[in-house]
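K.L.:
one predicted model, sequence on top.
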Amino acid sequence: MTHPASLITMCNVSKFFGDFQALKDVSLDVAVGERVVICGPSGSGKSTLIRCINRLEAHEEGDIVVDGVTLSEDAETLNKIRGSVGMVFQQFNLFPHLTVAQNLTLGPRRVLGLSETNARARAMKYLERVQIPDQADKYPRQLSGGQQQRVAIARSLCMEPRILLFDEPTSALDPEMIAEVLEVMTELAASGMTMIVVTHEMGFARRVANKMVFMDKGEIVEVGAPEDVFTAPKSPRFAKFLQQIINH
Amino acid sequence: MKRILVVTILLALLSGCSGNWGWYVVDPTTPTGAANLRFLVSGAYNTILMSVTAICISVVVGLFIALPGLSRKRSWRSINRVYVEVVRSVPILVLLLWVYYGLPQLSGLTLNVFWAGVLALALSDSAFQAEIFRAGIQSIGKGQYEAAQSISLNYRDTMRYVILPQAIRRILPALGNQLVYMLKMSSLVSVIGMQELTRKANELVVSEYRPLEIYTILVLEYLVLILIVSAGVRWLERHMNSEEA
């Protein structure tokens, strides 16, 4: 498969929390339609990396170019980038005081300027895509964790982003609910959505990813196609990590 | 029903201790007593109007004072700190006297008793409201801001649609407290001649010379007012919580 254009380019990105360096000289290219899975031990900088892409964290060194726009402090630039990058969080972060439908229509109405009818129609379309159209008028806390995460995915989709970032989307879920979320993500991947997923779900990675990234201590240690890295990881750290995760 | 019973028993008990009661001043079966009662109760309108106006102003002012207090910039935060520390260290009565007697000299602007009272009450309360709002907003998790950012909401919309609706639900009990406090503190405005509950009672005491009975009625008037407010706040809390339950 050939990827015509880079959607995200990270070039020598470093990020510090005080004295602690969370990202060390990280470079990564993500092409249109590519599905990147990032894994690594906790504290390795995976979440920080994707949070830098929509600037939930500001990086100190290097450049990040998203969809042709270089990330900067400038509010207009930020809006442009956040408009094309959606994000799904570990803790869902749904708005608890709003119904499912209101969670989904808030962005389209306030940011994209859609009418209430159009926003609602769009919300229903994406709720159907994540297979919970019947929950539209419930409040988040009336739903199961898996359903809430699917609502969160639909909320991102409603902004019609070009890239979706997933920050450990199944880590806060009970085991029986992980499958339903992964299923929605697999379907999204199949539809051609560009995705960067931080996860420990190696089965999902094997099925869906076309690029695996292994991080440790703020560095990208290894990048490769899943069929290669799973069978023959080049770095000993990655090999050890895979073994731990598979044998746990 | 239960409340009325308690109040009646309380009154009966009070009349029982030593024989010096003269309930005739407020006996509704006599024309003078009924007129006196009407006179006392007639202050309620101003008490309520003044307190409610003041709290509406102080909530808005308090919110706008709270927001810079949440800023990452030190200079913004210090605006909040200075306002809160200065305003809340002035006693309400002192502020009231300053606004009513001092402000005209300073600015040539003369406020009538009502607005002087409202201004003093609102100003003083706004510092407390600011702290309540700051606490409420700070109690909302970082994830809510990040979710709002991830769908490109700007600061204003994030506050208006995501943060404040949740914060207000959480601070509702504290806001109810402030309203009760305001109703009570409005009695201070009687010193500059505002015709509210306390002033009416004072005036009647001067002409009838039955302070015990008249001030007891005054206590009951505040009690009833505040029980109504408390019930209202509780209803509101239940109503808002059931929405997201």
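P.N.:
All right, it came through fine.

K.L.:
what about residue B:182, distance to residue B:49?
P.N.:
Using Cβ to Cβ, to the nearest Å, residue B:182 is found at 12 Å from residue B:49. Bear in mind the C-beta positions are built from the backbone N, C-alpha and C, glycine included.

K.L.:
comparing these two, which residue is more hemmed in?
P.N.:
Between residue B:182 and residue B:49, counted using other Cβ atoms under 10 Å in any protein chain shown, residue B:182 has the larger neighbour count: 24 against 14.

K.L.:
host element of that one?
P.N.:
Element membership for residue B:182 (DSSP states H and E) is helix B:164-185.

K.L.:
is chain A contacted by that helix?
P.N.:
Yes - judged by Cβ under 8 Å from any Cβ of the partner chain, helix B:164-185 and chain A are in contact via B:165, B:166, B:169.

K.L.:
after that helix comes which helix or strand?
P.N.:
With secondary structure assigned by DSSP H and E, helix B:164-185 is succeeded by helix B:197-208.

K.L.:
buried set for the next helix or strand after that following helix?
P.N.:
Per DSSP H and E, helix B:197-208 leads on to helix B:211-244 as the next helix or strand towards the C-terminus. Residues of helix B:211-244 classed as buried: B:213, B:214, B:216, B:217, B:218, B:221, B:222, B:225, B:229, B:233, B:244 (neighbour count, 16 or more other Cβ atoms under 10 Å in any protein chain shown).

K.L.:
same for helix B:211-244, what does it pack against?
P.N.:
helix B:2-16, helix B:31-41, helix B:44-69, helix B:164-185, helix B:197-208 (3 or more Cβ pairs under 8 Å, 6 or more residues apart in numbering or on different chains; DSSP states H and E).

K.L.:
so it versus helix B:164-185, what angle?
P.N.:
170 degrees (axes from the mean of the first three to the mean of the last three Cα atoms, to 10 degrees).

K.L.:
what angle do helix B:211-244 and helix B:197-208 make?
P.N.:
Here helix B:211-244 runs at an angle of 160 degrees relative to helix B:197-208 (the same axes, to 10 degrees).

K.L.:
can you show me the strands along chain A?
P.N.:
For chain A, applying DSSP state E gives strands covering A:6-17, A:20-31, A:35-39, A:61-66, A:69-70, A:85-88, A:163-167, A:194-198, A:211-216, A:219-224.

K.L.:
quick check: which of the ones you listed is nearest to residue B:39?
P.N.:
strand A:85-88 (65.3 Å; Cβ to Cβ).

K.L.:
pretty sure residue A:33 is touching residue A:192, no?
P.N.:
Yes - Residue A:33 lies in contact with residue A:192 (Cβ atoms under 8 Å); the separation is 5.2 Å.

K.L.:
chain B against chain A: which residues are in contact?
P.N.:
B:143-144, B:146-147, B:149-154, B:157, B:161-162, B:165-166, B:169, B:243-245.

K.L.:
ok, of these, which come out buried?
P.N.:
Buried subset of the residues of chain B next to chain A (neighbour count, 16+ other Cβ under 10 Å): B:144, B:146-147, B:149-153, B:157, B:161-162, B:165-166, B:169, B:244.

K.L.:
noted, bye for now.
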